[in-house]
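Asker: My questions are about this predicted structure, shown below with the sequence.
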Amino acid sequence: MKNPFVHPILEQRGMRLIGWTVRGLDTIGGDVVGRVLRGVRPGAIVVLHQGRPKSVETIERVVDALQREGYEFVIPDDARLKTKR
């Protein structure tokens with residue numbers, strides 16, 4: 001999300017903007033797990049949404065599928081994140 005109003009708010013809260021590399025398009029439904037699995041690569045950052053009726057179920061299915069494929073979930077070090085800001 002590139003929005004000039006987001007950066008100051010994040011900074012006030014001690015947060016940073018991190019971009020995604022894979023999206024499941026979970027807001028439109030369909031085969032979210034398949035879309036994520038087709039796009040994911042080592043080091044990927046997957047974006048999924050919360051607060052929707054099926055969010056928890058969808059996130060659980062994606063996490064389970066990625067773990068079966070051997071992926072782990074980590075918080076990346078700052079040095080591994082690319083930024084243009």
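Answerer: The structure has been received and is ready for your questions.
Asker: Any stretches of the chain with poor pLDDT?
Answerer: 1-2, 82-85 (pLDDT under 70).
Asker: Strands of this protein, start to end?
Answerer: 22-23, 46-47 (DSSP state E).
Asker: closest to L10 out of the ones you listed?
Answerer: strand 46-47 (16.1 Å; C-beta to C-beta). C-beta here means a position set from N, CA and C on the backbone, and glycine is covered the same way.
Asker: by contact count, what packs against that closest one?
Answerer: Judged by 3 or more C-beta pairs under 8 Å, 6 or more residues apart in numbering; DSSP states H and E, strand 46-47 is in contact with strand 22-23.
Asker: ok, residues contacting the strand it packs on?
Answerer: Contact partners of strand 22-23, identified using C-beta atoms under 8 Å, 6 or more residues apart in numbering, comprise 35-36, 39-41, 44-48.
Asker: Just give the nearest non-adjacent residue to I59, would you?
Answerer: In space, and not counting its chain neighbours, I59 is closest to L48: 5.4 Å by C-beta to C-beta, 6 or more residues apart in numbering.
Asker: Got the phi and psi for that neighbour?
Answerer: For L48, the backbone dihedrals (degrees, to the nearest 10) come out as phi -140, psi 160.
Asker: With mean neighbour count and distance to G70 as new columns, can the strands of the chain be given to me in a markdown table?
Answerer: Converted to a markdown table, the strands of the chain look like this (neighbours: other C-beta atoms under 10 Å; distance: least, C-beta to C-beta, whole Å):
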| stretch | mean neighbour count | distance to G70 |
| --- | --- | --- |
| strand 22-23 | 16 | 16 |
| strand 46-47 | 17 | 15 |
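Asker: Please produce CSV containing those, extended by distance to D78.
Answerer: Shown next, in CSV, are the strands of the chain (distance: least, C-beta to C-beta, whole Å):
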stretch, distance to D78
strand 22-23, 20
strand 46-47, 19
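Asker: Nearest to N3 among those strands would be which one?
Answerer: Of these, the one closest to N3 (C-beta to C-beta) turns out to be strand 46-47, at 15.3 Å.
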